[in-house]
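Undergrad: coordinates only, sequence not included:
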């Protein structure tokens, strides 16, 4: 469904209350988006383990220490077995038992670090993180929530010391009230509201392609794309068309005055979730993290309702031992329309993870005990190939 907009005489506080039509929406699997999720199996865990190894002074990790990381890194198996599963990334040494990265993994890490350290990327990351905080009513979030979103936001491993400390005019660490426990916890706060960033992705597109500028009450439709074979009942499609025609409320506005059961409030909730996914480098996020953030934002079940009512905007994949919310319009089949530089690096990590190291061929002895010993010594020293060439 193409993106379109026009101005409206109705104020954005439009209060018409309607309820979603009583119709069952069948979930239809999207093989392309499932593959986009499936191919990243174990990627987050592998890079997290890589970062843990490199955070030590020796750039190695004893297996006894590594074994304690399984729950922290959410590994599907023991740390030792996980590292053995990806020998192109990790190397185990047995005296003493510890983990190292392979030269190929170290090379990728250096390239990844150069992206994190580039001024262009740092400014982009700061801008997206600031917009994330601006989606909240108080422009602040507990650090434990940001840690849960760190992977999806593309933040560096030690983002507080390596990134945030260099932008004191943007961020400050503060205390916030944790809604779940009621206790004060450490949080991150935006120092001041930045009006220039309070423009959503949909509003940005209208400003560029429609040359209409940003006006409250504009009617902006969300792009929709249904999986092949997915058909909505006519009464559902009629409801969607009417819902799309409602005035668009920016996710950076506070519209909690609207009745939570109104279609207008639902369109605002969809706008917030839509903008959230656009801020992510992969345009997708585990559903548990979506709901965790939604609960803090005060949306509670609104995000759940948005996922059920709008399968043409959001897709939920059941791959890789979890459920992942994917922004449909960000993908063409299984490819990102706009690939972030970090995603290019992640795809290279995936390639390395799936690469099977070539097994070294067995060396043949010369038939005598002394000759066999000499062959083993030559092989170990790297001179075996030269010796065999001489014999030929």
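TA: On my side now, so go ahead. Since we're looking at a predicted model, the values are computed, not measured.

Undergrad: ok, now how distant is residue 350 from residue 80?
TA: Separation of residue 350 from residue 80 (CB to CB, to the nearest Å) stands at 22 Å. C-betas here are computed from N, CA, C, even on glycine.

Undergrad: All the strands of the stretch 251-392 of the chain, residue numbers only.
TA: 284-286, 314-317, 324-327, 331-332, 335-336 (DSSP state E, counting those that start in this stretch).

Undergrad: neighbouring strands for the second one, and are they parallel or not?
TA: Strand partners for strand 314-317, identified by DSSP bridges, are recorded as strand 324-327 (antiparallel).

Undergrad: who's in contact with the partner strand?
TA: 33, 36-37, 274, 277-278, 283-287, 290, 307, 313-317 (CB atoms under 8 Å, 6 or more residues apart in numbering).

Undergrad: May I have the residues that are in contact with residue 268?
TA: By CB under 8 Å, 6+ apart, the neighbours of residue 268 are 249, 251, 253, 255, 258.

Undergrad: tell me the two of these that are most distant?
TA: Across the contacts of residue 268, no pair lies farther apart than 251 and 258, at 13.5 Å, counting by CB to CB.

Undergrad: Surely residue 148 is in contact with residue 289?
TA: Yes - proximity of residue 148 to residue 289 meets the contact threshold set by CB atoms under 8 Å, at 5.2 Å.

Undergrad: What residues of stretch 341-355 count as buried?
TA: By neighbour count on 16 or more other CB atoms under 10 Å, the buried set for stretch 341-355 is 341-343, 345-346, 349-350, 352-353.

Undergrad: tell me the average confidence for that stretch?
TA: Averaging pLDDT along stretch 341-355 yields 96.

Undergrad: what residues are up against residue 142?
TA: 176, 178, 185-187, 296.

Undergrad: oh sorry, the question was meant for residue 254
TA: Counted by CB under 8 Å, 6+ apart, residue 254 has contacts residue 137.

Undergrad: one more time with 10 Å
TA: 137, 268 (CB atoms under 10 Å, 6 or more residues apart in numbering).

Undergrad: ok, now residue 46?
TA: 40, 73, 75, 82-83, 85-86, 89-90, 105, 349-350, 352-353.

Undergrad: any idea which of the residues you listed is closest to residue 199?
TA: Using CB to CB, the contacts of residue 46 come closest to residue 199 at residue 40, 29.8 Å.

Undergrad: Helix, strand or coil: sort out the closest one for me.
TA: coil (DSSP: H, G, I helix; E, B strand; the rest coil).

Undergrad: what about it, neighbour count?
TA: When neighbours are defined as other CB atoms under 10 Å, residue 40 has 21 of them.

Undergrad: Please look at it and residue 322 and confirm they touch.
TA: No - Residue 40 is not in contact with residue 322 according to CB atoms under 10 Å; the separation is 11.1 Å.

Undergrad: just to revisit the earlier point, filter the contacts of residue 268 to the buried ones?
TA: Buried among the contacts of residue 268 (16+ other CB under 10 Å): 249, 251, 255, 258.

Undergrad: State the distance from the spatially closest residue to the last one that is not a sequence neighbour to residue 305.
TA: It stands for residue 258. Leaving aside its sequence neighbours, residue 258 sits nearest to residue 265 (CB to CB, 6 or more residues apart in numbering; 4.1 Å). Computed as CB to CB, the residue 265 to residue 305 distance reads 10 Å.

Undergrad: between these two, which one's more packed in?
TA: residue 265 (21 against 17).

Undergrad: returning to that earlier point: common neighbours of residue 251 and residue 258, please.
TA: 268-269.

Undergrad: correct me, but residue 126 touches residue 166?
TA: Yes - contact criterion CB under 10 Å: residue 126 and residue 166 qualify, at 8.8 Å.

Undergrad: And those two? Which one has more around it.
TA: The neighbour comparison of residue 126 against residue 166 (other CB under 10 Å) goes to residue 126, with 16 against 12.

Undergrad: Look up phi and psi at residue 158.
TA: Dihedral angles of residue 158 (phi, psi; degrees, to the nearest 10) stand at phi -110, psi 70.
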